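with the sequence up front, the predicted model follows.
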Amino acid sequence: MRESKEPLAKFHARLDPKGRVLIPKGDREVLGIEGNDYVEAVIRKIELNSESKVVQILGSAFIIAKVGVRGYIVVPTNARVELNLSHRDAVEVLILAIHKFDKLISPQGKELMKRIQAFSQAKIMSPGEEYNLLKQLSYSYLFQV
């Protein structure tokens, strides 16, 4: 038996106005890719010649990107500049690895992320509230209340 090294997925897309490409729903379902996962991918700027049926690779970049809830990944600005990519340009995407968000961070990190997402504004505290918060965190301070 011979071993073959291939990407997990390969697809063609067009860059949207925000510099994103959509991972096709079928690929996301088969590979179990969900929002907040991270993918390692190669983005290739390509040119399609329909007459000669040739796909020419004009340049490529390796990226690590967070998958949005709808399946989009953002091509970093420096890659778009270096590859001269703009809205509606054709790209070929090779997904090399998938990293599940839940496996990347500790339970403590997950708790912090939940708190960050739930906490959209700063909360003004009285000295007593600050004292109680710091007491929960095992800090010792003296306050004049």
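On my side now, so go ahead.

contacts and neighbour counts: CA atoms only from here.
Noted.

list the buried residues of stretch 91-105.
For stretch 91-105, the neighbour count (16 or more other Cα atoms under 10 Å) marks 91-96, 98-99 as buried.

keep only those of those residues that are in strands.
The strands, defined by DSSP state E, take in 91-96, 98-99 from the buried residues of stretch 91-105.

could these go into CSV alongside pLDDT?
Converted to CSV, these look like this (pLDDT from 0 to 100):
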residue, pLDDT
91, 96
92, 90
93, 93
94, 91
95, 92
96, 90
98, 92
99, 89
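
and of the residues you listed, the nearest to residue 106?
When these are ranked by distance to residue 106 (Cα to Cα), residue 99 comes first, at 14.1 Å.

ranges for the strands of this structure?
Listed in chain order, the strands of the chain (DSSP E) span residues 9-14, 20-22, 38-49, 54-66, 72-74, 90-99.

figure out which of the ones you listed is closest to residue 132.
Set against residue 132 and scored by Cα to Cα, those come closest in strand 54-66, at 36.4 Å.

what are the pairing partners of the closest one, and which direction each?
Here strand 54-66 is paired, per DSSP bridges, with strand 38-49 (antiparallel).

tell me the mean pLDDT for the strand it pairs with?
Here strand 38-49 scores 90 as its mean pLDDT.

next, count neighbours for residue 30.
9 (other Cα atoms under 10 Å).

how near is it to residue 23?
12 Å (Cα to Cα, to the nearest Å).

I'd like the strands of the chain as JSON lines, with distance to residue 111 appended.
Below are those laid out as JSON lines (distance: least, Cα to Cα, whole Å):
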{"stretch": "strand 9-14", "distance to residue 111": "32"}
{"stretch": "strand 20-22", "distance to residue 111": "29"}
{"stretch": "strand 38-49", "distance to residue 111": "19"}
{"stretch": "strand 54-66", "distance to residue 111": "19"}
{"stretch": "strand 72-74", "distance to residue 111": "25"}
{"stretch": "strand 90-99", "distance to residue 111": "19"}
